[in-house]
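In: build me a structure from this.
(one chain, ligands or ions: 1)
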Amino acid sequence: MERVELQNLEVAYGERAVLQVEQAVFERGGIYGIVGPSGAGKSTLLRVMNLLEKPSRGHMRLFGTDVELPTLTYRKSVPIQRQMAFVAQKPSMFQATVFDNVALGLRYRKMDKAHIRSNVDAALELVELSHLSAQQAQTLSGGEAQRIALARALVCEPDLLLLDEPTASLDPYNISIFERVIQSVNREKHTTILMITHNLPQARRLAQFCLFLHKGKIVEWADTKTFFHRPASEELQDFVYGRMIC
Ligand SMILES: Nc1ncnc2c1ncn2[C@@H]1O[C@H](COP(=O)(O)OP(=O)(O)OP(=O)(O)O)[C@@H](O)[C@H]1O
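Out: Residues are numbered from 1 along each chain as shown. Model prediction:
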């Protein structure tokens, strides 16, 4: 029960299969780095898991709940999606204050005002941006906006956090805050984290396990140390040592 499992997953556009995953198991509380060359299917994998895209076939078991991905209806998807949160490379802020942006998910869940206030304040404190609570979100810098996007994701206390290159456009200071926050949430709440990154040192710093996607398939999956020190497949060796030509 304490895991997220994918089985027999396939995403195809016309004749072309861009993602084929026979089986993948993510244990609760793990941080998983997802790496691979451009076009390998990494974002497609996270979009499918976040129910943003339907695969042609595939089954997900999310902490004990079975999800038939291709036939899932909107009504059934809502409680499942509420167990997860997604942060993309580019944050999109609504035309509202920072506070209201972070409060969004809690309002959908019809939480009462006092709890919304305390949870949003705590989330803003976590990302060290309490002082921006009343500012219009669209005036934020890129780094601030991404930390607010993280606060918005975390305020709902997701069991599964999906991150698609969330620090790709950030400076080192914002990267270090972002990394510290996800590590502390993982440690304290046992949030399962899947993180796509092109930054291999970042995958080494954060992930306990890494998987390598290549041409839509998981070619290698190992604990992070083995993954980088003793890559087994030729493809991962080429990727890790910078020889892969995409
Ligand atoms: N809607 C679509 N229609 C057709 N092809 C698509 C569509 N969405 C994605 N693809 C293709 O699927 C493949 C996988 O795309 P995906 O975005 O998952 O790759 P990625 O590994 O995340 O790449 P990057 O590291 O560059 O972000 C790519 O070849 C892409 O062109």
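
In: make it CA atoms for all contacts and neighbour counts henceforth
Out: Will do.

In: look up phi and psi at the closest residue to residue 68 other than its chain neighbours.
Out: Closest residue to residue 68 apart from its sequence neighbours, by CA to CA, 6 or more residues apart in numbering: residue 59 at 5.0 Å. The phi/psi pair for residue 59 (degrees, to the nearest 10) reads phi -130, psi 140.

In: kindly state the beta-bridge partners for residue 59.
Out: Under DSSP bridges, the beta-bridge partners of residue 59 are residue 7, residue 68.

In: excluding its backbone neighbours, what's nearest residue 58?
Out: Using CA to CA, 6+ apart, the closest residue to residue 58 is residue 9 (3.8 Å).

In: from the ligand, how far off is that neighbour?
Out: Here residue 9 is placed at a distance of 14 Å from the ligand (CA to the nearest ligand atom, to the nearest Å).

In: sorry, back to before: ok, the residue nearest to residue 68 touching residue 6?
Out: Yes. If you go by CA atoms under 8 Å, residue 59 and residue 6 touch, sitting 5.8 Å apart.

In: and for the helix or strand where residue 100 lies, what's in contact with it?
Out: Using DSSP states H and E, the element containing residue 100 is helix 98-108. By CA atoms under 8 Å, 6 or more residues apart in numbering, the surrounding residues in contact with helix 98-108 are 93-94, 116, 120, 132-137, 148-149, 151-153, 155-156.

In: which of these are buried?
Out: By neighbour count, with 16 or more other CA atoms under 10 Å, these hold 93, 116, 120, 132-133, 136-137, 148-149, 151-153, 155-156 as buried.

In: near the ligand too, which of the residues you listed?
Out: When contact is defined as CA under 6 Å from any ligand atom, these do not meet the ligand at all.

In: and those, which two are furthest apart?
Out: 136 and 156 (21.3 Å; CA to CA).

In: can you pull the buried residues of stretch 122-131?
Out: Applying 16+ other CA under 10 Å to stretch 122-131 flags 123, 124, 126, 127, 128, 129, 130 as buried.

In: so the third one touches residue 181, yeah?
Out: To tie it back to what came earlier, the one meant is residue 126. Yes. Counting by CA under 8 Å, residue 181 is a contact partner of residue 126 at 6.8 Å.
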